[in-house]
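S.K.: Got a predicted structure plus its sequence, pasted below:
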Protein chains: 2
Amino acid sequence: MSRSSSTKKITRIQREKMQIILDAALDIFSKHGFRGSTIDMIAEKASLSKPNILYYFDSKDEIHEMLLSNLLETWLEPLKKISPKGEPITEICCYVERKLEMARDYPKESRLFANEILQGAPRILHALNGPLKKLTDEKTSIINTWISDGKINSVDPYHLIFSIWAITQHYADFDVQILAVIEKKNAQNRFDDANKFLKELFTRLLEPTIKLKEPLW
Amino acid sequence: MSRSSSTKKITRIQREKMQIILDAALDIFSKHGFRGSTIDMIAEKASLSKPNILYYFDSKDEIHEMLLSNLLETWLEPLKKISPKGEPITEICCYVERKLEMARDYPKESRLFANEILQGAPRILHALNGPLKKLTDEKTSIINTWISDGKINSVDPYHLIFSIWAITQHYADFDVQILAVIEKKNAQNRFDDANKFLKELFTRLLEPTIKLKEPLW
DNA sequence: GTCTATACATTGATAGAC
DNA sequence: GTCTATCAATGTATAGAC
C-alpha cells in the first residue's frame, strides 16, 4: 500500500516530494491533457523514477484528480470577491484585474482547466453545475441590482461574465499565439497593456451615459 | 504504398471515404488532442476498421496534419474581410459576428485549434509567426488609421483583436461551461445573446465620445 | 524510500488472406 | 479495398532487491 492511500500523518519530507511531483505533473498535464500525458514525462520533469512517482500516488489518475481539486478552489476565488457594497465599475474592473493576474501568475493552472473543459469537463462537470453555477447566479444577481438602480448600463450579466472569463483565460491559454503576433519589445508589457485595455473596455460598456437624440455639436 | 501517397487521380468514392475519416478524426482530435487520440477511436467513429483508416492515410500524423492545414485557411478568412473603406464600427462588429458564427457552426475546428495552441502550437507555429502575424499587422494598421482620423476612440488595436479572438473562441471551446451556467431556456439563444452583447461592448468602446470636464447636469 | 525488472494492456503500423 | 492476425513500441502498474 503506497503512501497516498494511508491516512496516517505525512511527514514534511513526504509532503515536499509530493509537491515536486504535483508541480511536474501540472506542467505536463496542462500541456498535453490527461490522455496525452505519461508518467514517464512527469517522472523526467520531476527528476524521479517512474515507480517512485507511483509510490507517492496510487495512479496517474490520482495525481490528475488532486491537481483539479486544488485548482477549483482557487479558480472561483476572484469571483467570490465581487461585493454588492462596492462601487459597481470598480468591482468589475478589480475582478478583471484579479483574473488577469491569475492568468499571468498561474498560466499552467489556466491551461489545465482549459484542457479539462475542452474534453467536455468529464471530471469537473458536477462542480460546474453546482458551485460554479450557484456562484455565478449570485453575482449576476448583484449586477442586475446595479442595473435596476441605474448605477450601470443595462447589459446581459451572464455574457458580461463570460467575456471576462474568455479574455483573461486567453492571455494564459493562447499566450503562444499572442507572442507570435505582437512585437518582441511589447511582449514584456502585454499584461499591463491588456489590463489598461480591459479597464477601458468594461468602463465604457458599463458607465451610465445620457442618450442624446441629437449630437451636441 | 497506400492511396494517400499516390499522386494519381483520386476517385469520387475515395474522396468520400477520406472525408468520412477526416470528419471522424476532427471529432476525436478536437476533444482529446493529438496524443490523447487513437486511431481506434477514429475508426470506431467512422465505422471503419483500423487498417482501413491506414489504407487511406499513411499515419495518424498525416490525418492530423491535413485537418490542421485545412483549418488554417478558413480560420484567417474572417479577419481578411476587414476593409479600410468600410465604416469602422460596422467593420469591427461584422468581424465579431463572423467569428461568432464560426464558433457556432464549426465548434470542433475551434477546439482543434485551441488544442494545438495549448500544446504550444508545435505544428503551426510557423503559420502564426508568418501569415497570421502579417495579416494581423495589416489590420491593426487599418485600425490605427481610423484612430488617427478620429473615426474611433484611441485603443490598443492588438488587444482589441485579441479580445475578439478570445471571446468568440470561448463560445465554442468552453461551451460546456457556458451550458452549465446559463438556464436551459436561454441556452437556445446563447449565440444571439452573445452577438447582441458584443455589438454593444465594442460599439461603446469605439464610438467617439466628447470628453467633458464637467458632467452635463 | 528508491531502484531494476517485469507483467500486462494499449497503440501505431504492417503482412497477407480474401 | 477490407479484413484478421500480428509485431514492435510505449505505457500503467506491480514485485521484489537493496
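M.R.: Here it is on my side, so go on.

S.K.: Next to DNA strand C in this structure, residues from chain A, please.
M.R.: Counting by C-beta under 7 Å from any atom of the strand, the residues of chain A lying close to DNA strand C are A:3, A:11, A:13-14, A:17, A:48-52, A:55. Using the backbone N, CA and C atoms, a C-beta is placed for each residue, glycine as well.

S.K.: Check the residues you listed one by one and keep those near DNA strand D.
M.R.: A:50-51.

S.K.: Widest-spaced pair of the residues of chain A next to DNA strand C?
M.R.: For the residues of chain A next to DNA strand C, the maximum inter-member distance is 22.5 Å, found between A:Thr11 and A:Lys50 (C-beta to C-beta).

S.K.: Neighbour count: the two, which is higher?
M.R.: Higher neighbour count among A:Thr11 and A:Lys50: A:Lys50, with 13 against 10, using other C-beta atoms under 10 Å in any protein chain shown.

S.K.: Would you mind naming the helix or strand containing the closest residue to the more buried one other than its chain neighbours?
M.R.: Distances taken as C-beta to C-beta, 6 or more residues apart in numbering or on different chains place A:Ala43 nearest to A:Lys50, at 4.6 Å, with adjacent residues excluded. A:Ala43 is part of helix A:39-46 when elements are defined by DSSP states H and E.

S.K.: the domain parsing of chain A - what is it?
M.R.: A:3-58, A:67-206 (automatic domain parsing).

S.K.: close to DNA strand D, is the longest one?
M.R.: No - Domain A:67-206 is not in contact with DNA strand D by C-beta under 7 Å from any atom of the strand; minimum separation 14.3 Å.

S.K.: The domains of chain A: lowest mean pLDDT?
M.R.: Note on those: lowest mean pLDDT is at domain A:3-58, with a mean of 91.

S.K.: can you pull out the helices in chain A?
M.R.: With DSSP state H, the ranges of helices along chain A come out as A:12-36, A:39-46, A:50-56, A:60-80, A:88-105, A:107-118, A:125-127, A:133-148, A:157-173, A:175-181, A:184-187, A:190-206.

S.K.: Assess the claim that the residue nearest to A:Lys50 and A:Tyr55 are in contact.
M.R.: No - between A:Ala43 and A:Tyr55 there is no contact under C-beta atoms under 8 Å: 11.4 Å.

S.K.: So these two - more neighbours on which side?
M.R.: Just comparing A:Ala43 and A:Tyr55: by other C-beta under 10 Å the higher neighbour count belongs to A:Ala43, 20 against 15.

S.K.: Spit out the contact partners of that one.
M.R.: Residues near A:Ala43 by C-beta atoms under 8 Å, 6 or more residues apart in numbering or on different chains: A:24, A:49-50, A:52-53.

S.K.: for the nearest residue to A:Glu65 once chain neighbours are set aside, what are its contacts?
M.R.: What sits nearest to A:Glu65 in space, not counting adjacent residues and going by C-beta to C-beta, 6+ apart, is A:Arg123, at 7.1 Å. By C-beta under 8 Å, 6+ apart, the contact list for A:Arg123 reads A:64-65, A:68, A:116.

S.K.: What remains of these if I keep only buried residues?
M.R.: A:64, A:68, A:116 (16 or more other C-beta atoms under 10 Å in any protein chain shown).

S.K.: okay, now the closest residue to the first one other than its chain neighbours: neighbour count?
M.R.: Right, A:His64. Spatial nearest neighbour of A:His64, excluding adjacent residues (C-beta to C-beta, 6+ apart): A:Phe34 at 5.5 Å. Residues near A:Phe34, counting by other C-beta under 10 Å, number 23.

S.K.: now A:Ile53: how far from A:Phe29?
M.R.: From A:Ile53 across to A:Phe29, the span is 13 Å (C-beta to C-beta, to the nearest Å).

S.K.: Overlap of the contact sets of the two?
M.R.: Shared contacts of A:Ile53 and A:Phe29, defined by C-beta under 8 Å, 6+ apart, comprise A:Ile63.

S.K.: For the residue lying closest to A:Ile142 once chain neighbours are set aside, the count of nearby residues, please.
M.R.: Nearest non-adjacent residue to A:Ile142, counting by C-beta to C-beta, 6+ apart: A:Pro84, 4.6 Å away. By other C-beta under 10 Å, 13 other residues sit near A:Pro84.

S.K.: The one 3 residues further on now?
M.R.: Around A:Glu87 there are 13 other residues, counting by other C-beta under 10 Å.

S.K.: Equivalent analysis for the one 3 residues further on, please.
M.R.: In terms of burial, A:Thr90 registers 11 neighbours under the definition other C-beta under 10 Å.

S.K.: So which of the domains of chain A is the most surrounded?
M.R.: Mean neighbour count, computed with mean count of other C-beta atoms under 10 Å in any protein chain shown, is highest for domain A:67-206 among those, reaching a mean of 18.

S.K.: what residues are up against A:Lys60?
M.R.: A:37-39.

S.K.: From the residues you listed, pick the one nearest B:Tyr106.
M.R.: Nearest to B:Tyr106, judged by C-beta to C-beta, of the contacts of A:Lys60 is A:Ser37 at 27.3 Å.

S.K.: isn't that closest one right up against A:Ile28?
M.R.: Yes - using C-beta under 8 Å, A:Ser37 is in contact with A:Ile28, at 4.5 Å.

S.K.: okay, the residues of chain A next to DNA strand C in CSV with distance to A:Glu138 next?
M.R.: Output for these, formatted as CSV (distance: C-beta to C-beta, whole Å):
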residue, distance to A:Glu138
A:Arg3, 39
A:Thr11, 41
A:Ile13, 42
A:Gln14, 39
A:Lys17, 39
A:Leu48, 43
A:Ser49, 47
A:Lys50, 45
A:Pro51, 46
A:Asn52, 44
A:Tyr55, 43
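
S.K.: A:Leu68 contacts A:Glu109, doesn't it?
M.R.: No - applying C-beta under 8 Å as the test, A:Leu68 and A:Glu109 come out as separate, 9.9 Å apart.

S.K.: which of the residues of chain A next to DNA strand C lies closest to chain B?
M.R.: Minimum distance to chain B across the residues of chain A next to DNA strand C is 17.7 Å, recorded for A:Lys50 (C-beta to the nearest C-beta).

S.K.: With A:Leu22 as the reference, measure out to that closest one.
M.R.: 16 Å.

S.K.: same check, this time on A:Val181
M.R.: 33 Å.

S.K.: Check A:Ile13 too.
M.R.: As judged by C-beta to C-beta, A:Ile13 and A:Leu22 stand 15 Å apart.

S.K.: Over to A:Ser37?
M.R.: For A:Ser37, the distance to A:Leu22 equals 13 Å [C-beta to C-beta].

S.K.: Can you tell me the closest non-neighbouring residue to A:Phe191?
M.R.: Leaving aside its chain neighbours, A:Phe191 sits nearest to A:Arg104 (4.7 Å; criterion: C-beta to C-beta, 6+ apart).
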